[in-house]
Structure formats: structure tokens, C-alpha cells
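Novice: The following comprises the amino acid sequence and a computationally predicted model.
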Amino acid sequence: MSLIEYLNTVTVEEVSESLSHIANQFGEVVAFGFMILFLIIILLLVVLWNQRKNRKNIELILKNQITIYERIEKREELNS
């Protein structure tokens, strides 16, 4: 059966239903894609926020180590 013969046997309603079905499936795929994109963005924001928090903790630990080192130096100077 050629394409022209097929098109002669198909009604407008059937073509309309097929196109509607294809459009609905395409819409579902696009919606799923946006959902995945949104989840990836949220994941990246959480990772960046966690890295920022970790950086602040590292800075605090380094400050504490410097303070401890300075106190040790002062004690050594007083003991000398």
C-alpha cells in the first residue's frame, strides 16, 4: 500500500487522534526533561552550599590551629 492509498483510506479524525497522541507524548517527555533539569539544579545548589559550609569550617579550624600555635609560642617564650 503506498502512502497516497493509505492517506485516501484514513479519516481526518484518525489523523487528528494520532497527532494529538504524539503531541501528548511529546509534552510528557518535555515535562519529564524539565523535572530532571530542575532536580539537577537543586542538586548543584545543595553541593555548592555544602562546599561553602565546609570552607567556613576549614577556615575556623585553621584559625583555631593558629591560635593554639601562638599560645604555645608564648608559653615557650615565658618558660625560657
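Specialist: Nice, I can see it. Numbers count the residues shown, from 1 in each chain.
Novice: Now for this structure: which helix has the highest residue count?
Specialist: Under DSSP state H, the helix in the chain containing the largest number of residues is helix 12-79.
Novice: for it, the distance to its chain's centre please.
Specialist: Taking Cα atoms, centre = their mean, to the nearest Å, one finds helix 12-79 lying 7 Å from the centre of the chain it belongs to.
Novice: Show the average pLDDT along that helix.
Specialist: The average pLDDT within helix 12-79 is 94.
Novice: ok, the residue nearest the centre of the chain to Ile4 distance?
Specialist: In the chain, the residue lying closest to the centroid (Cα atoms, centre = their mean) is Ile40, at 1.7 Å. Ile40 sits at a distance of 46 Å from Ile4 (criterion: Cβ to Cβ, to the nearest Å). For glycine as for every other residue, the C-beta is placed from the backbone atoms N, C-alpha and C.
Novice: Repeat that for Leu78.
Specialist: Summarising the geometry, the distance separating Leu78 from Ile4, computed by Cβ to Cβ, is 103 Å.
Novice: Phe26 now?
Specialist: According to Cβ to Cβ, Phe26 stands 27 Å off from Ile4.
Novice: who's more crowded, those two?
Specialist: Phe26 (10 against 7; other Cβ atoms under 10 Å).
Novice: Relative to Phe38, how far out is the more buried one?
Specialist: Counting by Cβ to Cβ, the gap between Phe26 and Phe38 amounts to 19 Å.
Novice: Then Arg75?
Specialist: Counting by Cβ to Cβ, the gap between Arg75 and Phe38 amounts to 56 Å.
Novice: same deal with Glu59?
Specialist: 32 Å.
Novice: Next, count neighbours for Glu73.
Specialist: Number of residues near Glu73 (other Cβ under 10 Å) recorded here: 10.
Novice: One more: Ile41?
Specialist: For Ile41, which is what you asked about, the neighbour count (other Cβ under 10 Å) is 10.
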